[in-house]
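Asks: What follows is a predicted structure for the sequence shown.
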Amino acid sequence: MTAESLTTYMIRAGIRSNRELSRLTGINHGTVDNIVRHPTNARGFQIREIVRVCGLTDEEAITVFTHRKGGTNGQN
C-alpha cells in the first residue's frame, strides 16, 4: 500500500507551495518543508492546522501522518 502524500492534498486544496501552506497555518516555512518530507514527524498542533487548511478527512489525516490506511475497525 502506498500512502498519499501531503502534497496531493495541498494541490486538492489549491495550495501551490510549502511557503503558502506555511503562511496559511502559521507554521515556520522550514518546519513545513520537513513535515512535507517526513509527515510522521509532525506534532499534534501542526497536524491540526494542516488538516484544517487542507480540508483532510480523519481517514486522510491518518493515512498521511501515520503512513497507514485509515479506518474505524482498529485493525490498522
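Replies: Alright, I've got the coordinates. Residues are numbered from 1 along each chain as shown.
Asks: Output the below-cut-off pLDDT ranges for this structure.
Replies: 1-3, 70-76 (pLDDT under 70).
Asks: how does it look with 90?
Replies: Along the chain, segments meeting pLDDT under 90 span 1-4, 67-76.
Asks: Next, please give the residue ranges for the helices of it.
Replies: If you assign secondary structure with DSSP state H, the helices in the chain sit at 6-12, 18-25, 29-37, 44-54, 58-66.
Asks: quick one: buried residues of stretch 9-19?
Replies: 9-10, 13, 15, 18 (16 or more other C-beta atoms under 10 Å). (Glycine included, C-beta is placed from N, CA and C.)
Asks: how many other residues sit next to His38?
Replies: Neighbourhood size, His38 [other C-beta atoms under 10 Å]: 9.
Asks: before we move on, what about Arg52?
Replies: For Arg52, using other C-beta under 10 Å, the count is 11.
Asks: got it, and Thr25?
Replies: What Thr25 shows, counting by other C-beta under 10 Å, is a neighbour count of 21.
Asks: and it, what is it in contact with?
Replies: Counting by C-beta atoms under 8 Å, 6 or more residues apart in numbering, Thr25 makes contact with 32, 46, 49-50, 52-53.
Asks: again, only using 10 Å
Replies: 15, 31-32, 35, 45-46, 48-54 (C-beta atoms under 10 Å, 6 or more residues apart in numbering).
Asks: Take these and lay them out in a markdown table including distance to Glu4.
Replies: A markdown table is the format used below for those (distance: C-beta to C-beta, whole Å):
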| residue | distance to Glu4 |
| --- | --- |
| Ile15 | 15 |
| Thr31 | 21 |
| Val32 | 17 |
| Ile35 | 15 |
| Phe45 | 22 |
| Gln46 | 18 |
| Arg48 | 19 |
| Glu49 | 19 |
| Ile50 | 13 |
| Val51 | 13 |
| Arg52 | 18 |
| Val53 | 16 |
| Cys54 | 11 |
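Asks: which of those residues are buried?
Replies: Here, 16+ other C-beta under 10 Å leaves 15, 31-32, 35, 46, 49-51, 53-54 buried among the contacts of Thr25.
Asks: quick check, nearest of the buried residues of stretch 9-19 to His67?
Replies: Lowest distance from His67 to those (C-beta to C-beta) belongs to Tyr9, with 14.1 Å.
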